[in-house]
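1. 3D, please:
(2 chains)
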Amino acid sequence: MKIFEYLVVGSGCSGAMVAQTLVEAGVNVTMIDTGISKDSDIKVPDGDFLDLRSSDPDQYKYFLGDKASGVSWGDVGKGEQITPPRQHIVKDVEEYIPLVSSTFSSFESLSYGGLGTGWGLQCWQYSQADLKAAGLNEAKMRKAYQVVGNRIGISATDDDAGQYTIRTLKDYQPSPSMDKNHRYISDLYESKKQALNKQGFYLGRTPLALITEDKDDRRGYGYHDMDFYSDNDKSAWRPWIAIDSLRKQRNFEYIGGVLMLSFKEQGDKTIVTCMRTADQQLVTFSCRKLILATSALGSARIVLRSLGDSGTKLPLLCNPYSYIPCIQPHFFGSGAEREKLGFTQLSLFYDKDHSNIGASVASLYSYQSLMLFRIVRHVPLNFVDARILMRYLIPTIVIMGIHHPDHASDDKYLKLVDAPESPAGSQLEAEYVLSDEEKREINSREKAFMRTMRGLGTYSLKKLDPGAGASIHYAGTLPFSQKREPFTLSSSGLLHGTRSVYVADSSGFNYLPAPGLTYSLMANAHNVAEGLLHNG
Amino acid sequence: MAVELSTNTEARLFSRYLIGREANKQVLGLYRDALQETGHMDRLDQALLRFALKHPLSIGYLDAGLIFYKPHSELRHRLYLMLAILEAQAEYSALFLPKRRTFLYIAFLVWCGIRSVFKAAVGSILVRSIRP
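-> Residues are numbered from 1 along each chain as shown, chains lettered A, B, ... in the order given. Sure, this is the predicted structure:
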């Protein structure tokens, strides 16, 4: 049997980064991945949202999907923004990697490029205190943030929130232009910022993995407002862009269509057992170094299957999240806007005690390209009058998505249980319950956010709680530890108790700061690869 | 064939109710496809749908009345599907895109508000009177 030198599992953000670092160093890398690709029947034309709406007879294919599969009904749930061209992100997840829970709703992916295919692109750096609490080495992380930033291309602004967003980042492109809703908030903030800063609020442009100037074969952002449907110009960085590029290298091999189940160390090699998804047959691979980049839940699942027993409980971190639709009366009936942006444009940080640790963050989005039908079902009117009203109201809508930090506790955990009905034979069971104190703190912070936004001309309508797990920010399942305990990682990502199994995703984070973790998990993945190259 | 005809009739009625226009051929086909994915209807849902199709003028009142009585009813689900399908049609897109206000818009919105409340009040009585 062929023995692979470096076997990377997973093609998401961390898998792409770990593989790129290794490939650039000249070693032979093989990536195994389930790699479900997008539905080739859904072609999204290269054009502006408003132009396509009035001219494309096939627009229903990407706006609604086959048999209107992209039209949700019922209460608000996770992944509301997953549009038909991106529904492959969640395909087959319930069958192959099930997770059951009455308190936690997970969001995982088996797609080519993983969850990064629908990532919101926020690239916030963690503060010194946040990095320390998470168990990450600050000097190495700052260096890695820059390396990753240069690879993916970041647009940013060094503004009032720079101490919470870009921090030490250099060599970034200018932020995209703001639309009218965000300009309005930003202008009002400028006139009130001294008072707001005293209360711990800082507003600034969100650093995004979105290029505004051409870079290699990627085009600068074209303001087509089709960000929820296509990546035609590749201005938004996605893991598949990196993997596609790596596949052209001689020292990189991609093997799709396999789901990793478990590993076993045998002498100086590691045997990896996988299931071929085409025929559900088991296949094995042999490697010298195994690098898991399958997300905090995926890596926990594989490690528990390989080393655990039914009694083993692993910690689970997840940013509590809620979103609040708001209106800006100033823009009532102001019509459609061209050159809009589907991504978040501003971030509002609430650092109550000015400590730069444990801050909460609200990402602000305007609303247009997700269409009227998605929002009209939440309006308590008959559909005829709701449609008429919403045509005037949509230009006023700003969505505030608030993330809070998370700490481990005995009431937040995962375990593996048998699942005979799943081809994998087992499933994760999760429990995630916030303490009363955590709930009180979250509630108080959200009220403060709503109050502040009122002062910025943006009025909250209703808080929507999509439930635990909806932030899609998971971490801490195999925490960093210097004690070499089972189910923990060394600072270099080595799984304690193994000789050559590394974890390069967010599983190691001991604490989960509120700002989105993707940029940090990519930086950590780069560091795991660097460690392997220098010490492995 | 009979099922197709009745689905087409339903689609035409819903389109006329929602935007005051006849559904085009593509909309009829898309609506038929979308209905294949809808779930099981309970007896009340069936009765409401039958009533709405038999008395098209009642659709607006039932739609409004069901918001509070049974917001996830099958009738409202089907109306919602039709609304989404119409929105994703180039022919009707102008009826869904953000609109600029005119000097009469406040009077128009007040009228819509009064009409909504009236429909909801009549609708809630009507919904309660329909038995499975």
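
2. In chain B, what residue spans correspond to helices?
-> Ranges of helices in chain B, per DSSP state H, are B:2-19, B:25-35, B:43-54, B:59-69, B:74-87, B:105-129.

3. Could you do the stretch 251-400 of chain A as well?
-> A:295-307, A:373-376, A:383-393 (DSSP state H, counting those that start in this stretch).

4. Spatially nearest residue to the most centrally placed residue in chain A (excluding sequence neighbours)?
-> Closest residue to the average C-alpha location of chain A: residue A:119 at 4.7 Å, with CA atoms, centre = their mean. Nearest non-adjacent residue to residue A:119, counting by CB to CB, 6 or more residues apart in numbering or on different chains: residue A:518, 5.8 Å away. In short, each C-beta sits where N, CA and C put it, glycine included.

5. now residue A:11
-> Closest residue to residue A:11 apart from its sequence neighbours, by CB to CB, 6+ apart: residue A:33 at 4.3 Å.

6. Just put the helices of chain B in a markdown table and tack on mean neighbour count and mean pLDDT.
-> As requested, those are exported to a markdown table (neighbours: other CB atoms under 10 Å in any protein chain shown; pLDDT from 0 to 100):
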| stretch | mean neighbour count | mean pLDDT |
| --- | --- | --- |
| helix B:2-19 | 17 | 88 |
| helix B:25-35 | 18 | 95 |
| helix B:43-54 | 16 | 94 |
| helix B:59-69 | 23 | 95 |
| helix B:74-87 | 24 | 97 |
| helix B:105-129 | 15 | 94 |
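
7. Tell me which residue in chain B sits closest to chain A.
-> Chain A sits closest to residue B:101 of chain B, with a gap of 2.7 Å, by CB to the nearest CB.

8. Next up, the contacts around the residue nearest to the centre of chain A.
-> Residues near residue A:119 by CB atoms under 8 Å, 6 or more residues apart in numbering or on different chains: A:13, A:209, A:238, A:518.

9. Let me have those in JSON lines, adding secondary structure, pLDDT and neighbour count as columns.
-> Shown next, in JSON lines, are these (DSSP: H, G, I helix; E, B strand; the rest coil; pLDDT from 0 to 100; neighbours: other CB atoms under 10 Å in any protein chain shown):
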{"residue": "A:13", "secondary structure": "helix", "pLDDT": "98", "neighbour count": "31"}
{"residue": "A:209", "secondary structure": "coil", "pLDDT": "98", "neighbour count": "26"}
{"residue": "A:238", "secondary structure": "coil", "pLDDT": "98", "neighbour count": "23"}
{"residue": "A:518", "secondary structure": "helix", "pLDDT": "98", "neighbour count": "24"}
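
10. follow-up on the earlier one: mind listing what the residue nearest to residue A:119 touches?
-> Listed by CB under 8 Å, 6+ apart, the contact set of residue A:518 reads A:13, A:116, A:119, A:122-123.

11. So which residue is dead centre in chain B?
-> Mean-position check on chain B, CA atoms, centre = their mean. Result residue B:79 at 3.5 Å.

12. pretty sure that one contacts residue B:64?
-> No: between residue B:79 and residue B:64 there is no contact under CB atoms under 8 Å: 11.0 Å.

13. where exactly do the strands run in the stretch 1-150 of chain A?
-> A:3-9, A:29-32, A:99-100 (DSSP state E, counting those that start in this stretch).

14. tell me the most buried of those strands?
-> Sort the strands of the stretch 1-150 of chain A by mean neighbour count, taking mean count of other CB atoms under 10 Å in any protein chain shown, and strand A:29-32 sits at the top with a mean of 25.

15. picking up where we left off before, find me whatever residue is spatially closest to the residue nearest to the centre of chain B, sequence neighbours aside.
-> residue A:383 (5.4 Å).

16. number of nearby residues for that neighbour?
-> Neighbour count for residue A:383, taken as other CB atoms under 10 Å in any protein chain shown: 25.

17. before we move on, what about residue A:268?
-> Counted with other CB under 10 Å, the neighbours of residue A:268 add up to 9.

18. got a list of what it touches?
-> By CB under 8 Å, 6+ apart, the residues touching residue A:268 are residue A:288.

19. Quick one: low-confidence residue ranges for chain A.
-> A:76-79, A:536 (pLDDT under 70).

20. Pick out the residue in it sitting closest to chain B.
-> Across chain A, no residue is closer to chain B than residue A:333, which sits at 2.7 Å (CB to the nearest CB).

21. my guess is that residue contacts residue B:101, does it?
-> Yes: between residue A:333 and residue B:101 there is a contact under CB under 8 Å: 2.7 Å.

22. List the contacts of the residue nearest to residue A:359 when sequence neighbours are not counted.
-> Nearest residue to residue A:359, sequence neighbours excluded (CB to CB, 6+ apart): residue A:351, at 3.9 Å. Applying CB under 8 Å, 6+ apart to residue A:351 gives the contacts A:164, A:200, A:202, A:358-359.

23. Give me the nearest residue to residue B:127, chain neighbours excluded.
-> residue B:65 is the one closest to residue B:127 (CB to CB, 6+ apart), at 4.1 Å.

24. ignore the last one, residue A:201
-> Closest residue in space to residue A:201, ignoring its immediate chain neighbours: residue A:452 at 5.3 Å, by CB to CB, 6+ apart.

25. For the one you found, grab the count of nearby residues.
-> Look at residue A:452: counted by other CB under 10 Å, it has 20 neighbours.

26. Which of the three states applies to it?
-> Put simply, residue A:452 is helix when judged by DSSP: H, G, I helix; E, B strand; the rest coil.

27. was I right about it contacting residue A:196?
-> Yes: with contact defined as CB under 8 Å, residue A:452 reaches residue A:196; the gap is 6.5 Å.

28. any idea how far the residue nearest to residue A:119 lies from residue A:414?
-> 21 Å (CB to CB, to the nearest Å).

29. Next one: the residue nearest to residue A:350 when sequence neighbours are not counted from residue A:9, what distance?
-> Counting by CB to CB, 6+ apart, residue A:360 is the residue found nearest to residue A:350 once chain neighbours are left out, at 4.8 Å. Between residue A:360 and residue A:9 the computed distance is 33 Å (CB to CB).

30. need the residues of the stretch 1-150 of chain A near chain B, please.
-> Residues of the stretch 1-150 of chain A lying close to chain B (CB under 8 Å from any CB of the partner chain) are A:50, A:53-57, A:59-60, A:63-64, A:66-69, A:71, A:73-74.

31. same question, the stretch 201-350 of chain A
-> A:332-337.

32. nearest spatial neighbour of residue A:226, skipping sequence neighbours?
-> In space, residue A:226 comes closest to residue A:49 once its chain neighbours are excluded; the distance is 5.5 Å by CB to CB, 6+ apart.

33. thinking the one you found is in contact with residue A:340, fair?
-> Yes: counting by CB under 8 Å, residue A:49 does reach residue A:340; the two are 7.4 Å apart.
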